[in-house]
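Enquirer: The sequence isn't on hand, but the structure is:
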């Protein structure tokens, strides 16, 4: 799949993994729609990379439709990278009682339903494309987490949402195969993102040291490199790739 002169949507593109991916795509000649709830940051990133910002709650159908419409105005939409997400931490039963149901529901709504909402809308637009030389019409990349497999204490909601992203990867790829649209998922380990940088430095250092090799936090550039390879390698389809330095999360 060609990146240059093609249009890509990056949700969560105002910061972290999404910002790193948006910048990588722009550096390789893509037209990028940055979709995010953070208007100030999103507009700034879009301006710097020559893209377009659209404020978007990925769990809302109308917002997703607006993002796809903006992308189609720029040209041929061939890619979606889902990086929008939230990561609350709450035990199933804690000192103050049971896990708040609203928190669990919101986590699933943003991380799982939001990813599927953007996938279905972008894929519908991509299915109308003239195919590339490879027969492809588009590529979809979503973000899960190693917590989908090794969920820690307090991660029931987060792990459930990311496990859902993992679980739908293959059936979506099979659904879209006849349209020449690939669907992949990246499951990052411990990455240096705004969520993690809010933790104390000693905690960040301990997390980095727990990664077997390389013993460091992952970076948005690491994620973006894998996203680029997925986009350009048409044999990658229907699979989840762990990007984690061989870490397996302990209970806490």
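Expert: Now that the structure is in, tell me what you want to look at. Just so it is clear, the structure is predicted and the values come from calculations on it, not from any experiment.
Enquirer: ranges for the strands of the protein?
Expert: For the chain, applying DSSP state E gives strands covering 7-11, 31-36, 52-55, 77-82, 93-94, 97-98, 138-143, 181-188, 240-243.
Enquirer: outside of stretch 37-46, which residues touch it?
Expert: 13-15, 19, 22-23, 32-36, 51-53, 55-57, 84 (CB atoms under 8 Å, 6 or more residues apart in numbering). To be clear about C-beta, it is placed using only N, CA and C from the backbone, and glycine gets the same treatment.
Enquirer: So residue 209 versus residue 6, what's the distance?
Expert: 40 Å (CB to CB, to the nearest Å).
Enquirer: Which strands or helices does the helix ranked longest in the chain pack on?
Expert: In the chain, with assignment by DSSP state H, the single longest helix is helix 156-176. In terms of contacts (3 or more CB pairs under 8 Å, 6 or more residues apart in numbering; DSSP states H and E), helix 156-176 is packed against helix 101-108, helix 114-126, strand 138-143, helix 147-150, strand 181-188.
Enquirer: Just the angle for it relative to strand 138-143, thanks.
Expert: 170 degrees (axes from the mean of the first three to the mean of the last three CA atoms, to 10 degrees).
Enquirer: one step back: which one of residue 209 and residue 6 has more residues nearby?
Expert: residue 6 (23 against 9; other CB atoms under 10 Å).
Enquirer: Verify the stated contact: that one with residue 71.
Expert: No - applying CB atoms under 8 Å as the test, residue 6 and residue 71 come out as separate, 10.3 Å apart.
Enquirer: shared neighbours, those two?
Expert: Common neighbours of residue 6 and residue 71 (criterion: CB under 8 Å, 6+ apart): residue 77.
Enquirer: Quick check: which ranges of the stretch 51-200 of the chain have low pLDDT?
Expert: Along the stretch 51-200 of the chain, the parts satisfying pLDDT under 70 run over 195, 198-199.
Enquirer: Could you count how many residues lie near residue 75?
Expert: Neighbour tally, residue 75, other CB under 10 Å: 12.
Enquirer: so how far is residue 30 from the residue nearest to it when sequence neighbours are not counted?
Expert: Nearest non-adjacent residue to residue 75, counting by CB to CB, 6 or more residues apart in numbering: residue 7, 4.8 Å away. Separation of residue 7 from residue 30 (CB to CB) stands at 7 Å.
Enquirer: These two - which one has more neighbours?
Expert: residue 30 (26 against 22).
Enquirer: what's near enough to touch the more buried one?
Expert: 3, 4, 5, 6, 7, 8, 79.
Enquirer: May I see those residues organised as a markdown table, with distance to residue 202 added?
Expert: Formatted as a markdown table, the contacts of residue 30 follow (distance: CB to CB, whole Å):
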| residue | distance to residue 202 |
| --- | --- |
| 3 | 40 |
| 4 | 44 |
| 5 | 46 |
| 6 | 44 |
| 7 | 43 |
| 8 | 38 |
| 79 | 39 |
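Enquirer: PyMOL command for the buried members of these?
Expert: Remark: buried members of those, expressed as a PyMOL selection using 16 or more other CB atoms under 10 Å:
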select buried, resi 3+6+7+8+79
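Enquirer: that older thread, so which bits of the longest helix of the chain are buried?
Expert: Neighbour counts over helix 156-176 (16+ other CB under 10 Å) mark 156-166, 168-169, 172-173, 176 as buried.
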